[in-house]
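> Need the 3D shape of this:
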Amino acid sequence: VMTLSLLMYPVLRSLALQLHSAVTGSYVSGTHSIAFINCLNEQIAKDIARGIMDKKLAAYVNILPKSSALYFWKGELEESTEILLLVKTRTSKIGELSNYVRSIHPFEIPEVISLPIDQGNPLYLKWIEENIPRD
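Next comes the predicted model:
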């Protein structure tokens with residue numbers, strides 16, 4: 001019983017937080033995330049962003065203008081310009097988002113990293129919730 005309780009704790013905690021959120025209207029920290037995806041150029045960025053939206057993997061994607069990047073690749077220091085996507089989505093969609101981006105991105109190892117949203121405008125967070133289908 002003790003082992004089962006320990007294994008079930010994360011699930012039960014998540015359900016309790018969701019129930020609390022539904023009853024009180026409060027936001028559960030980490031329910032949504034912002035993913036960062038770098039792209040070689042604006043056309044690739046737009047194509048990836050469109051695919052993300054078509055698959056309903058996000059409620060909103062910002063396409064930020066060119067930025068300079070320095071990084072190590074295969075032991076050498078590289079310099080390039082990149083376009084950055086900021087993807088607002090459900091945290092539960094990050095795995096699917098990452099798989100999709102890796103399947104279409106021209107980079108050998110595309111950047112797909114995410115940070116959970118701790119707090120924010122409750123109306124905006126609700127809007128994200130309403131615009132991405134549940135798992």
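
> Helix or strand with the lowest mean pLDDT in this structure?
For the chain, counting by mean pLDDT, DSSP states H and E, helix 2-24 ranks last in confidence among helices and strands (a mean of 67).

> Could you check the pLDDT of residue 114?
pLDDT for residue 114: 97.

> Of all residues in the protein, which one is nearest the centre?
Nearest residue to the geometric centre of the chain (CA atoms, centre = their mean): residue 35, 3.5 Å.

> which residues sit in contact with it?
58, 85-87, 89, 94, 97-98, 112-114 (CB atoms under 8 Å, 6 or more residues apart in numbering). From N, CA and C alone the C-beta is placed, and that goes for glycine too.

> That one bridge partners, please.
Note on residue 35: beta-bridge partners by DSSP bridges are residue 87, residue 114.

> From residue 100, how far out is it?
11 Å (CB to CB, to the nearest Å).

> Residue 117 against residue 124, yeah?
No - Residue 117 is not in contact with residue 124 according to CB atoms under 8 Å; the separation is 9.6 Å.

> you'd agree residue 106 is in a helix?
No - secondary structure assignment places residue 106 outside any helix; it is coil (DSSP: H, G, I helix; E, B strand; the rest coil).

> Relative to residue 85, how far out is it?
14 Å.

> Comparing these two, which shows the higher neighbour count?
Higher neighbour count among residue 106 and residue 85: residue 85, with 23 against 11, using other CB atoms under 10 Å.
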